[in-house]
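> Need the 3D shape of this:
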Amino acid sequence: MMAIRAVCFCILLSGASAASESAKVTPIQKVLTLMEELEAKCIKEKKEEEVRFSAFSQWCENTKGSKTREIEAGEAKMEELEAAIEKAAVLIRKLTERIQELDEDVARWKKDEESATAVRDKERADYQATFTDYSESINAIGQAISVLKKQDVDKAQASLLQVRSLRRLSQRSKSVLDAYLNQPAGLEVSAPEANAYEFQSGGVVEMLEKLEDQFTGEKRKLEKDELGAQQSYEQIMQQLADDIENATFEINKKTKLRAETEEKKAELEGDLAATTKERDEDKKYLEEMLALCEMKTADFESRNKLRGEEIEAIAKAKEIIGSQAVAGSGDKHLPALLQIGEKRSASMAQLRSDMNSPAQKQIVMFLSQQAKKTGSHLLEEIAAQAAANPFGKVKKMIKDLIVKLMEEATSEAEHKGWCDTELTTNKQTRDKKTSEVNDLTSLIEELTATIAELTQDIADLTKAVKELDAEMAKETDERSKAKAANTQTIADAQAAQAAVEAATAVLKDFYAKSAQATAFAQGPMEDAPETFDKPYKGALPEGGGIVDFLEVILSDFQRLESETAAAEAEQEDSYKNYMFESKKDKALKEGEIKLKSETKTDKESALEQAKTDLKTTQEQLDQALAYYEKLRPKCVDSGITYEERVKRREEEIVSLQEALKILSGTDLPTMG
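The predicted structure is shown next:
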C-alpha cells in the first residue's frame, strides 16, 4: 500500500497542470490516462535496462579476464626486472669494492714512490759528501807525498798537518804523523841527521801512498755502489709506475663499466617503477571494476524487482483511483484537512508565557537600557539572569558582582604597571630580532637566487656542452650515413632508370592486350553476396595513365641522380664548417662553466653561514614572540583600552548600585 500511495502522489503532482487544460476531462480520468502511459513506459524501460545490463555483464566477464592476464604478465615482468636490478646492484658493489682496492693500491704505490725518492735523495746526498771527502783526502795525501819526496821541510810541515786533520785517517796513521811532526826544530842538519830524516820521511811517504791507494779503492767502490743504488731506484720507480698505470687503466675501465651498469640499473628501476605503476593501476582498475560490477548487479536485481513491483503497483493504483470511493473521499476530506491546519496555526500563535513581578520587570528594563547605553555585555547578562531568577537571588547576585568588580579594578591597576615594563622590553627585542631576521632572510634569498641562477647557468652550459657533443657525434654519424646513402641513392637512381624503362615497355604490352578482353556474364547465386558484373580490364583504361606516370618517374630518377651528386658535395662542406664552429663554441662554454662553478662554491659557503646566523636569530625572535604570547592574555587589550575598561567598569558598578537601590525600594528611577 505504501508503494501505491507514493505512485499516486507522484502522478497527481505530474498531472496537476495538465488537468486544467481540458474542462471535459475530469482529474480522475486524466490521472488514469497518465497511469496507463506510465505503465507502458515502465514496461519498456524495464526491458531496455535488462538488455543494457546483459551487455554490461558480458563486459564485466571479458574485462575481468583481460585485466587478470595483464596483472599476471606485469608481475612476471616485475620479477624479471627485480632480478636484473639485483644483479646490476651486485655488479656495481663488486666494481666499487675493486675500484676502492685499486685506489688504495695506487695511493700506497705513490707513497712508496715518495719514500723511495726520499731515501734515494738522502743516499745521493751522503754519496756526494763522502765522494767529496775521499777526493779531498786523496788530493791532500798526494800533495803531502809530493812535498815529502822533494824534502821540503817547511812545506812538509803544513801538508802533513792537513793530512793529520783528515776525518778518515786511522789512529795509527795519526800517531806516525804526530811522531814525525814532533821532531825538534832549529838544529843544524848534519849528515847522519839527514839520513835519519830521509828514513823517517820515507816511512811516512810509504804510509801515505798506502793510504792514497786505500782511499782511491774505497772511492771507486763508493762510485760503483752509487751506480748500483741509482739503478735499483730506477727499477723500483719503473715497477711502481707500471703498477700505477695498470691500476689506473683498470680503475678507468671498471669506473666506466660501473657507470654503464648504474645507468642500466636506473633504466631497469624506471621500467620497474613504470611496470609496478601499471600493475597497480590494473589491480586498482580490476578491484574497482569488480566492485562496480558487484554493485551494479545488486543494484540491477533490486531495480528490476522494484520495476516489477512498480508495474504491479501502477496496475493496482488504476483500480483504486478509478473507483467511486476514491474520488468521493478526495472531494469530501481534502478541504477538512486544510481547515484543521489553519486552526492549529491560530492556536500556536496565541501561546505566551507569563511575566514576573513589577519590581523585577523594572530591574530588567533598567539593566537592559544601561547595557545598551554603555555597550556592556555584563549588564546585558545580568539583565537576562534577573529575568530568569527569583527576586532574592538577583539581589545577592548584584551585591557579589559589585564587590568582584571593585577587586578586579584594584588588581588590574597593579598588573598594568608590570605589563607596561614587560611589553616595552619585549617589543624592543622583537623589533631588533625581526629586523635582523629580515636582513638575513633577504641575504639568504639573494644568495639562494644567485646560487640557483649559477646552478641553472652551469646546468644549461653543461647541458649545452653535452648537447654539442651529442650533436657533433650525431652530425658525424649522419654525415657518414648521408654519404653512404647518397652513394647508394646515385647507384639506385641509375638502376631505377633502366628498370622503369623496362617496366614501361611491359605495361604498354599488357594494356594493349587487356583492352581486347571479352565481357562475361555471371548470375548471382541465391542467398550469396554480390560478386562481379563486368570484366576486369586493368587499373586504368588501356594503361595510358600509368604509363604517363612511369615516364614522369623516369625523369624524376634522372633528376635525382644529378641533384644527389650536387647535394653530397654541399653537405660535406657544411659538415666541415659546422664541426669547426661547434668545437670553438664548446671550448668557450667549458671555460664559462669553470668560472661559474668557482663563484657558486663561494656563494654556497656564504649561504651556509647566513643560514646558521638566521637559525640563531630566529630562535631568539621565537623566544621573544613566545614570551609576548604569554603576555598577551594578561597585558594586551582585547578590543578596548585600559582606560575604556576602567570607565566601563565604573559605569557597571554605578548601574549595579542603582539596581540594588531599586531592589531595596530606596530609589525607583523613571524608565524612559
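> Can you pull the domain assignment for the protein?
126-183+194-261, 391-516+537-636 (automatic domain parsing).
> Of those, which is nearest residue 647?
Smallest distance to residue 647 across the domains of the chain (CB to CB): 10.9 Å, for domain 391-516+537-636. From N, CA and C alone the C-beta is placed, and that goes for glycine too.
> chain center to that closest one, what's the gap?
13 Å (CA atoms, centre = their mean, to the nearest Å).
> What degree of burial does residue 177 show, as a neighbour count?
Summarising burial for residue 177: neighbours were counted as other CB atoms under 10 Å, giving 20.
> In this structure it contacts residue 164, no?
Yes: look at residue 177 against residue 164 with CB atoms under 8 Å: they come within range, at 4.9 Å.
> By mean pLDDT, show me the worst of the domains of the chain.
Mean pLDDT is lowest for domain 391-516+537-636 among the domains of the chain, at a mean of 80.
> what residue ranges in the stretch 1-150 of the chain score low on pLDDT?
Scanning the stretch 1-150 of the chain with the threshold set as pLDDT under 70 gives 1-32, 34-35.
> any chance you could map the helices in it?
For the stretch 1-150 of the chain, applying DSSP state H, counting those that start in this stretch gives helices covering 2-19, 27-150.
> Now do the contacts for residue 123.
Residues near residue 123 by CB atoms under 8 Å, 6 or more residues apart in numbering: 226, 229.
> picking up where we left off before, how about a markdown table for the domains of the chain, with distance to residue 94 added?
Output for these, formatted as a markdown table (distance: least, CB to CB, whole Å):
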| stretch | distance to residue 94 |
| --- | --- |
| domain 126-183+194-261 | 9 |
| domain 391-516+537-636 | 29 |
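> circling back: relative to residue 306, which of the helices of the stretch 1-150 of the chain is closest?
Within the helices of the stretch 1-150 of the chain, the stretch nearest residue 306 is helix 2-19; the backing value is 8.8 Å (CB to CB).
> Residue 226 contacts residue 129, doesn't it?
No: in this structure, residue 226 is not within contact of residue 129 by CB under 8 Å, at 11.8 Å.
> and those two? which has more neighbours close in?
More neighbours surround residue 226 than the other of residue 226 and residue 129, with 17 against 10 (other CB under 10 Å).
> With adjacent residues omitted, what lies nearest to that one?
Leaving aside its chain neighbours, residue 226 sits nearest to residue 127 (4.6 Å; criterion: CB to CB, 6 or more residues apart in numbering).
> What is the neighbour count of the one you found?
A count of nearby residues for residue 127, using other CB under 10 Å, gives 17.
> and after the one helix or strand residue 627 maps to, which helix or strand comes next?
When elements are assigned from DSSP states H and E, residue 627 belongs to helix 544-635. Using DSSP H and E, the helix or strand that follows helix 544-635 in sequence is helix 642-664.
> what's the angle between that following helix and helix 544-635?
With axes from the mean of the first three to the mean of the last three CA atoms, to 10 degrees defining the directions, helix 642-664 sits at 60 degrees from helix 544-635.
> tell me what helix 642-664 is packed against?
On a contact count with 3 or more CB pairs under 8 Å, 6 or more residues apart in numbering; DSSP states H and E, helix 642-664 meets helix 358-374, helix 377-388, helix 391-514.
> quick one: that helix to helix 358-374, angle?
170 degrees.
> pLDDT of helix 642-664, averaged?
Throughout helix 642-664, pLDDT has a mean value of 77.
> Output it as CSV, nothing but the C-alphas.
The C-alpha coordinates for helix 642-664 follow below in CSV (Å, rounded to 0.1, in the frame of the first residue of the first chain):
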residue,chain,number,x,y,z
TYR,A,642,42.7,50.0,29.8
GLU,A,643,41.1,53.5,30.3
GLU,A,644,38.0,52.3,28.5
ARG,A,645,37.8,49.2,30.6
VAL,A,646,38.2,51.3,33.8
LYS,A,647,35.4,53.7,32.6
ARG,A,648,33.1,50.8,31.7
ARG,A,649,33.7,49.0,35.0
GLU,A,650,32.9,52.2,36.9
GLU,A,651,29.7,52.6,34.8
GLU,A,652,28.8,48.9,35.5
ILE,A,653,29.4,49.4,39.3
VAL,A,654,27.2,52.6,39.3
SER,A,655,24.5,50.8,37.3
LEU,A,656,24.6,47.8,39.6
GLN,A,657,24.4,50.1,42.7
GLU,A,658,21.4,51.8,41.2
ALA,A,659,19.8,48.4,40.5
LEU,A,660,20.4,47.5,44.1
LYS,A,661,18.7,50.6,45.3
ILE,A,662,15.7,49.7,43.1
LEU,A,663,15.6,46.3,44.7
SER,A,664,15.8,47.9,48.2
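> and the nearest residue to residue 372 once chain neighbours are set aside, how many neighbours?
Spatial nearest neighbour of residue 372, excluding adjacent residues (CB to CB, 6+ apart): residue 380 at 7.9 Å. Residues lying near residue 380 (other CB under 10 Å) number 16.
> and residue 380, what does it touch?
367-368, 371-372.
> And residue 502, by the same measure?
Contacts of residue 502 by CB under 8 Å, 6+ apart: none found.
> Compute the distance between it and residue 488, please.
21 Å (CB to CB, to the nearest Å).
> swap in residue 42?
75 Å.
> Which one of these two is surrounded by more residues?
residue 42 (16 against 11).
> Pretty sure the more buried one sits against residue 309.
No: if you go by CB under 8 Å, residue 42 and residue 309 don't touch, sitting 10.4 Å apart.
> separation between the residue nearest to residue 416 when sequence neighbours are not counted and residue 421?
Among residues not flanking residue 416 along the chain, residue 642 sits closest, at 5.8 Å (CB to CB, 6+ apart). Applying CB to CB, the value for residue 642 to residue 421 is 14 Å.
> Which of those two has more residues huddled nearby?
residue 642 (15 against 10).
> Am I right that the more buried one is in contact with residue 419?
No: distance between residue 642 and residue 419: 9.0 Å, which falls outside the contact criterion (CB under 8 Å).
> rewinding a little: can you tell me which of the helices and strands packed on helix 642-664 is nearest to residue 249?
Proximity to residue 249, assessed across the helices and strands packed on helix 642-664 by CB to CB, is greatest for helix 391-514 (23.3 Å).
> Understood, closing this out.
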